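**Student:** Structure, please.
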Amino acid sequence: MVVIRAEQIRGKRLARYVSFVLLSVMPLVVGCFLHNTSVFQNGMNLKGFERAGPLAIYNPKNLFDYIDGEAELYFPFGFQRLFNQSYRVMQTGALVVVDAYDMGTYEGAHGVYERYTEEGGSGIEELGESAWTDNYIILFRQGRYFLRIWPDPSPESKAQPSFEHMLALSRALDRVLKDDL
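**Tutor:** Below is the predicted model:
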């Protein structure tokens, strides 16, 4: 004769409940984790360009370390993270800085873009959802990202990138972002 105790029944129910919760919730947790992994963190193969140095990632707590005077501009628009990476133009050795701001939403990226492109400069066709330049810096937005592409100002950067190289890098980044979003 088999005697089943109440504790055993509760234990089995609890085990089934825990299994159900884990199987139901884990895909959501993994999905959120994967969503938070950026194409910038995964690395990109951009024809004609190579990474020059490590990727720096800034968040709302340390953004002031990178752009002290401007950081507060980004917060009202939902700033999430900044991915800062230098790329070397393989043809010339010139360095280009890419600042990719993950603003969390299309509206956030649009808002920051509008703030920077209010005066002067001109539009660039067929780049992102909107693109602007003053012939020194390129700004564009794609989905939740606002990007700034500009010549590396450090003294180690002997060769300056041409506008055409910066535009080529911008277009390569835009293609990768379109595929990722």
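
**Student:** switch to C-alpha atoms for all contacts and neighbour counts from now on
**Tutor:** OK.

**Student:** that's a strand at Ile57, yeah?
**Tutor:** Yes. Assessed with DSSP: H, G, I helix; E, B strand; the rest coil, Ile57 lies in a strand.

**Student:** Could you pull out the helices in the chain for me?
**Tutor:** According to DSSP state H, the chain carries its helices in the segments 6-36, 39-42, 71-74, 106-116, 163-180.

**Student:** And this protein, what are its domain boundaries?
**Tutor:** Per automatic domain parsing, the structural domains of the chain span 1-36, 39-180.

**Student:** Using a markdown table, lay out these together with mean pLDDT.
**Tutor:** Output for these, formatted as a markdown table (pLDDT from 0 to 100):
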| stretch | mean pLDDT |
| --- | --- |
| domain 1-36 | 48 |
| domain 39-180 | 94 |
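
**Student:** Any idea how many residues pack against the residue nearest to Met44 when sequence neighbours are not counted?
**Tutor:** In space, Met44 comes closest to Val176 once its chain neighbours are excluded; the distance is 7.7 Å by C-alpha to C-alpha, 6 or more residues apart in numbering. Other residues near Val176 come to 15 when the count uses other C-alpha atoms under 10 Å.

**Student:** ok, now Glu126?
**Tutor:** Neighbouring residues of Glu126 were enumerated by other C-alpha under 10 Å; the total is 10.

**Student:** How much space separates it from Glu156?
**Tutor:** 32 Å (C-alpha to C-alpha, to the nearest Å).

**Student:** Pairing partners for the closest residue to Thr117 other than its chain neighbours in the sheet, please.
**Tutor:** Distances taken as C-alpha to C-alpha, 6+ apart put Trp132 closest to Thr117, at 6.8 Å, once the chain neighbours are dropped. On the basis of DSSP bridges, Trp132 is bridged to Gly123, Leu139.
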